[in-house]
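*Asks:* Got a sequence here, can you model it:
(one chain, ligands or ions: 1)
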Amino acid sequence: MFHFLLRTIPRPILIRLSYIFSFFSPVFYGGNKYECPVCEGKFRKMLPYGYDGSAKRENVLCPKCLTLERHRVLWLYLKEQTDFFSKPRKMLHIAPEQPFLGRFRKMKHLDLTTADLFSPLADVKCDIQEMPFEDNTFDVIFCNHVLEHVDDDKKAMGELYRVMKPGGFGIFQVPIDYKRETTHEDPSITSEEDRVKHYWQKDHVRLYGLDYLSKLEAVGFKATRIDVANEVGSELKDRYRLGDSDKVYRVDKL
Ligand SMILES: [Zn+2]
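*Replies:* Numbers count the residues shown, from 1 in each chain. Reported below is the predicted structural model:
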């Protein structure tokens, strides 16, 4: 049943139905081979994920909270290597990931503002290329899997830098082709079919390469790549179902 639902229901709707998954998943997926560090559920296997022509990956989607590899590496990083879960901060969360949003809202030490171009659920509806916030407003900004959709990513990065307080940090994950030195971006690639082929998804407008960090640094950030999946060791990497290509990208405004 789950496999059928996953293939046929669009992910945003699936996420709204996640309470059904958290109810049924212990019945179908309960076990102790794998563990999700976000919801702390334990499973005999996770669910498959993949669409838009990208390769379907087996055993990657948490059956309880619907996190993927990229969510789990970020959670582990925040938990093990930062004071995110305790230090009071003014936070901007752009296009908030559903598995995180309810959890962040419950954290009393975070003064959270959500922003999105489309979602009516966001506190502020805005385009990250031109944000309605004062300079130096936020201590922390999450902007994950957004920049690959934005027409002018340099302008968006500059805006993110502008609204971050000095001393603040951000997490800006994007899909990266680690075989590619430079970002692939060609304005003549406009059809959904071509975008899937060149950029991995029909609504992406570029495919980042190894120059992603230098793009972030070009607008003023100090940018760092953290390879959580390979830092935790092979046993936990498999237990948490972490992928090699899902890394944490942290920026600091010094
Ligand atoms: Zn989970």
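
*Asks:* Can you name the residues bridging to residue 112?
*Replies:* Beta-bridge partners for residue 112, by DSSP bridges, are residue 91.

*Asks:* residues touching it, list them.
*Replies:* Residues counted as contacts of residue 112 (CB atoms under 8 Å, 6 or more residues apart in numbering) are 91, 93, 104-105. Just so you know, the C-beta spots here come from the backbone N, C-alpha and C atoms, and that holds for glycine as well.

*Asks:* just those residues now: which is nearest the ion?
*Replies:* For the contacts of residue 112, the closest approach to the ion (CB to the ion) belongs to residue 104, at 15.1 Å.

*Asks:* picking that back up, make JSON lines out of the contacts of residue 112 and add secondary structure.
*Replies:* Formatted as JSON lines, those follow (DSSP: H, G, I helix; E, B strand; the rest coil):
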{"residue": "91", "secondary structure": "strand"}
{"residue": "93", "secondary structure": "strand"}
{"residue": "104", "secondary structure": "helix"}
{"residue": "105", "secondary structure": "helix"}
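
*Asks:* Of those, keep whichever come out buried.
*Replies:* 91, 93, 104 (16 or more other CB atoms under 10 Å).

*Asks:* Relative to residue 138, how far out is the first one?
*Replies:* The span separating residue 91 from residue 138 equals 6 Å under the rule CB to CB, to the nearest Å.

*Asks:* Give me the three-state assignment for the residue of the chain most remote from its centre.
*Replies:* Of all residues in the chain, residue 27 has its C-alpha farthest from the mean position, at 28.1 Å, by CA atoms, centre = their mean. What three-state DSSP gives for residue 27 is helix.

*Asks:* Tell me the pLDDT of it.
*Replies:* As predicted, residue 27 sits at a pLDDT of 70.

*Asks:* element containing residue 154?
*Replies:* Mapping residue 154 onto the secondary structure by DSSP states H and E places it in helix 153-163.

*Asks:* Just the residues contacting that helix, thanks.
*Replies:* Residues from elsewhere that reach helix 153-163, judged by CB under 8 Å, 6+ apart: 92, 128-131, 133-138, 141, 143, 146-147, 150, 170, 172, 206, 215-216, 218-221, 251, 253.
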